[in-house]
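J.: need a 3D model of the following:
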Amino acid sequence: MLHTSALLNYMIWVPVFGAVLIMLIGDDKRAEAIRMLALIFAVISMVLCVPMMQMFNHNSAAMQMVFNAAWLPQYGIQYTLGVDGLSVAMILLTSFTTLIVVLASWKMVREKVAQYMAAFLLLQGIMVGVFAATDAILFYVFWEAMLIPMYLIIGIWGSSNRSYAAMKFFLYTFLGSVLTLVSLIYLYRVSGSFEISKLYAVKLSLTAQTLIFVAFFLAFAVKIPMWPVHTWLPDAHTEAPAGGSVILAAIMLKMGAYGFLRFMMPIVPDACAHLAWAVIGLSLVAVVYIGFVAIIQTDMKRLVAYSSIAHMGVVTLGLFLFFILVKDFGAAGQSAVMALDGAVVQMISHAFSSGALFIAIGVLYDRMHTRKITDFGGIVNKMPVFAAFCMLFVMANVGLPGTSGFVGEFMVIVASFKANFWVAFATATTLILAAAYTLWMYKRVFYGKVGNDKVARLQDISGVEILVMVLLAIPVLVIGVYPDSILPIFQKSVVHLMHQGLVTKI
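T.: Numbers count the residues shown, from 1 in each chain. Presented below is the predicted three-dimensional model:
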């Protein structure tokens, strides 16, 4: 039986070991064996989530399965790991998404298969490290390290403009994080510790909080990405291979929101409250303006990429509505909890719907080598099973009741009514705009007459492709029908972080 304190180490380093092993023994002549080995390590990582869930106490907000080891003690830096409900939810999502990417890439990737699979396993281990780190510097190391495999994934296996997109992705996300390191060092000088939980108790003036807020905001807002620092994402999504787009949409975008919850709200709550309306304003711009930008897109990937920015705007809106709602307790206090819960549910549900859409686009691109909407038409006549799955994921992206996409957005919209009617009205436009651009894309791609000879020769999905679609469809429906399937995992931890955000640090 796995030792409790060692489990998180296994979850980080088993996929990293798998990546190294695949790189050492793999070449394209052994592509099938490499795919199978990558699948084995992805499955092992998923299986490790079972004891994690068994050991985890959902009724506690404390860090659990804690692992401590000296790393650079002379500088106060420790290798410390632990998880709360928020971390557990994100680690589960990371392990599941990597498994999906390995399966989805089974037929799509035919060159440098070993390097491709190794990059994703390495990325998985690093991302788990981000969510499990309880030392701020360890978090920062994992945070920056994950840029390297994603840069290579975009730059090597991407489309024609991949070098530009990879460099833009790297520079935006790296430069946005530099000031975060400066802030962490400042907090260490004040507190004498890099332990994240101890940073929550640091007393700071409003000026110091505001400067730290700006530093954190640049790092996390770029990663989400929020308007106006969003321009790297459409390029990265468009040029990345399908697996890269899935990881970007499902996990890496969520890390920005995770940073808001783990660092900004508990460490600089006064600055967050002071600047909440500014962040809400930027979030509403993302919801409304980016929704209109998505409507005019002619490339399916760019359309879904802009859709992701709009949906993540709902997440940041829910997070910072908290600071408006907690000014008045009672019903507003319940609304504050609903806003935060809705934001986290939206983070998770968006991973399934957007990830599925990027895989679907990858399936079509693999067959037709184009993503232009005008190059398609009548797909439903040739690929009815594929079209049925895509309809489900489109409806989840729209926010149809009964799908996962509805739950989080509905919770944030309802909570926003307590803050301001016009904020709620603007937020609700996401349901209208998402329906406009997503359903219009689906209509033009799947319905009508068969677009051309390439469409006429298409074969429906089968085997592994159907398995991937089924695995993604299950959480979309389960969360949509029964939201309590995921809420208890992270609710206690979110409430704990909310209470940290209520305590003034001045």
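J.: what about Arg273, helix or strand, and which?
T.: Quick fix: residue 273 reads Ala, not Arg. For Ala273, the host element (DSSP states H and E) is helix 269-295.
J.: for the next helix or strand after that helix, name the packing helices and strands.
T.: Once the chain leaves helix 269-295, the next helix or strand it forms, by DSSP H and E, is helix 300-325. On a contact count with 3 or more C-beta pairs under 8 Å, 6 or more residues apart in numbering; DSSP states H and E, helix 300-325 meets helix 232-239, helix 253-259, helix 269-295, helix 331-368, helix 384-398, helix 404-419, helix 421-446, helix 487-502. In this view, the C-beta of every residue, glycine as well, is placed from N, C-alpha and C.
J.: how far does the fourth one sit from its chain's centre?
T.: I take that to be helix 331-368. Relative to its parent chain, helix 331-368 has a centroid offset of 8 Å by C-alpha atoms, centre = their mean, to the nearest Å.
J.: for Leu400, give me phi and psi.
T.: Torsion angles at Leu400 (phi, psi; degrees, to the nearest 10) stand at phi -70, psi 130.
J.: still on that earlier bit, which one of the helices and strands packed on helix 300-325 lies nearest to Leu7?
T.: Closest approach to Leu7 among those (C-beta to C-beta): helix 487-502, 16.5 Å.
J.: what's the neighbour count on Arg457?
T.: For Arg457, the neighbour count with other C-beta atoms under 10 Å is 11.
J.: which phi and psi does it have?
T.: Backbone geometry at Arg457, expressed as degrees, to the nearest 10, gives phi -100, psi 0.
J.: Ala360 against Val394, yeah?
T.: No - using C-beta atoms under 8 Å as the test, Ala360 is too far from Val394 to be in contact (9.0 Å).
J.: who does the helix holding Ala273 touch, helix- and strand-wise?
T.: helix 206-223, helix 300-325, helix 421-446, helix 487-502.
J.: redo the ones you listed as a markdown table? Include mean pLDDT and distance to Leu477.
T.: Output for the helices and strands packed on helix 269-295, formatted as a markdown table (pLDDT from 0 to 100; distance: least, C-beta to C-beta, whole Å):
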| stretch | mean pLDDT | distance to Leu477 |
| --- | --- | --- |
| helix 206-223 | 89 | 29 |
| helix 300-325 | 88 | 18 |
| helix 421-446 | 87 | 18 |
| helix 487-502 | 83 | 16 |
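J.: most tightly packed of those?
T.: Highest mean neighbour count of these: helix 300-325, a mean of 27 (counted as mean count of other C-beta atoms under 10 Å).
J.: and it, how far from the chain's centre?
T.: The answer for helix 300-325 is 11 Å, by C-alpha atoms, centre = their mean.
J.: tilt between it and helix 384-398?
T.: 30 degrees (axes from the mean of the first three to the mean of the last three C-alpha atoms, to 10 degrees).
J.: next, give phi and psi for Pro401.
T.: Main-chain torsions, Pro401, degrees, to the nearest 10: phi -50, psi 140.
J.: need the contact list for it.
T.: Applying C-beta atoms under 8 Å, 6 or more residues apart in numbering, one finds that Pro401 lies in contact with Phe410, Gly480.
J.: what does Tyr447 give?
T.: Here Tyr447 is in contact with Gly377, Gly378, Val380 (criterion: C-beta under 8 Å, 6+ apart).
J.: ok but the first one is inside a helix, no?
T.: No - under DSSP: H, G, I helix; E, B strand; the rest coil, Gly377 sits outside any helix and is assigned coil.
J.: how about the contacts made by it?
T.: By C-beta under 8 Å, 6+ apart, Gly377 lies in contact with Arg444, Val445, Tyr447, Gly448, Lys449, Val450, Gly451, Asn452, Val455.
J.: I'd like the average pLDDT over the helix holding Ala273.
T.: On average, the pLDDT along helix 269-295 is 88.
J.: what angle do it and helix 206-223 make?
T.: 30 degrees.
J.: in helix 269-295, what's buried?
T.: 269-273, 275-276, 279-280, 282-291, 293-294 (16 or more other C-beta atoms under 10 Å).
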